[in-house]
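Engineer: Make a model of this:
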Amino acid sequence: MGRDQALVSALQRAKKNLSSLKTSGDKQVLIAILISTIILLSFLVAVFMIPRPTIPIFPLWVLGEKREIPAPTMNISLGTAYSLFTGGQNLMGVTKYCTLAVKLRNMASPLPFTGNSSVPAKASPSPSIMNFTFALRNNETWESAFNFTIFGEENPMENSIAIDSLIVNGAFYGVMLESFSDVDSGFFCQFFFELWFQDEQQGASSFSGVWVSSPILRIGE
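Structural biologist: Alright, predicted model coming up:
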């Protein structure tokens with residue numbers, strides 16, 4: 001039974017009881033009870049019908065090959081294919097037109113800044129390798145496989161690897177990134193994903209302040 005039906009039903013029962021009473025004193029008591037009931041029910045209806053405020057968020061994630069929570073670090077080899085999944089959910093309350101910018105960093109590359117009440121969000125200056133584009137209504141979810149292979153050449157004199165190209169989801173991309181060794185832990189690099197929102201009317205895009213990173217990639221033999 002809906003809230004309005006409950007209120008009508010309560011009023012009908014009270015009216016029936018009121019008509020069956022014999023004395024004016026009893027009627028006065030029931031009228032007082034009826035008024036109190038109406039006030040209480042009106043308050044309860046108002047409480048439950050007023051929408052509760054929500055915080056608009058757009059969570060992003062990166063999952064492992066079997067959609068499990070990945071380990072913090074992946075040991076990889078040049079020229080070998082690996083698989084992850086990336087996705088997000090629109091909980092902003094309105095439809096969002098999205099670009100997910102894919103970037104690759106080394107230990108010196110600056111990460112995005114999420115922003116706060118006094119300082120706006122700032123995207124990383126690292127160049128985008130490729131983009132995912134999609135539109136999501138409120139409460140909708142998007143997810144995509146992220147299959148990648150990294151290519152490069154090791155430079156023993158500099159103790160580094162020059163990453164020069166990638167294959168992502170079957171497409172080839174040229175890159176320029178120097179990956180340096182991190183104390184016998186392999187050569188460091190990491191993908192990260194920035195969420196940008198498109199303004200369909202103005203034809204512009206802006207960084208949302210939302211981003212997520214892949215596991216740290218340690219390039220070994």
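
Engineer: now the strands for the protein?
Structural biologist: Here the chain has its strands, by DSSP state E, at 60-63, 73-77, 81-89, 96-105, 130-136, 141-155, 160-168, 171-180, 187-199, 204-213, 216-220.

Engineer: between those strands, which one is nearest to S117?
Structural biologist: Judged by CB to CB, the one of these that comes nearest to S117 is strand 204-213, at 11.8 Å. All C-beta spots, glycine's among them, are computed from the backbone N, C-alpha and C.

Engineer: just the angle between that closest one and strand 81-89, please?
Structural biologist: 120 degrees (axes from the mean of the first three to the mean of the last three CA atoms, to 10 degrees).

Engineer: Can you tell me how far L78 is from Q89?
Structural biologist: Distance of L78 to Q89, given as CB to CB, to the nearest Å: 34 Å.

Engineer: Can you tell me the centre-most residue of this structure?
Structural biologist: Centroid check for the chain by CA atoms, centre = their mean gives P59 as the closest residue, at 1.4 Å.

Engineer: Report the buried residues of stretch 113-125.
Structural biologist: A121, A123, S124 (16 or more other CB atoms under 10 Å).

Engineer: cool, stretch 154-162 as well?
Structural biologist: So for stretch 154-162, counting by 16+ other CB under 10 Å, buried means E154, S160, I161.

Engineer: which residues sit in contact with G203?
Structural biologist: If you count contacts by CB atoms under 8 Å, 6 or more residues apart in numbering, G203 has none.

Engineer: Could you check the pLDDT of it?
Structural biologist: We have a pLDDT of 76 for G203.

Engineer: for it, phi and psi?
Structural biologist: phi 70, psi 30 (degrees, to the nearest 10).

Engineer: Quickly list the domain ranges of the chain.
Structural biologist: 3-49, 60-220 (automatic domain parsing).

Engineer: TSV for the strands of the chain, including distance to T114?
Structural biologist: Formatted as TSV, the strands of the chain follow (distance: least, CB to CB, whole Å):
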stretch	distance to T114
strand 60-63	12
strand 73-77	23
strand 81-89	15
strand 96-105	15
strand 130-136	20
strand 141-155	21
strand 160-168	25
strand 171-180	23
strand 187-199	11
strand 204-213	5
strand 216-220	19
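
Engineer: Okay, Y97 and S144: tell me how far apart.
Structural biologist: Distance of Y97 to S144, given as CB to CB: 16 Å.

Engineer: and M157, what does it touch?
Structural biologist: Listed by CB under 8 Å, 6+ apart, M157 has no contact partners.
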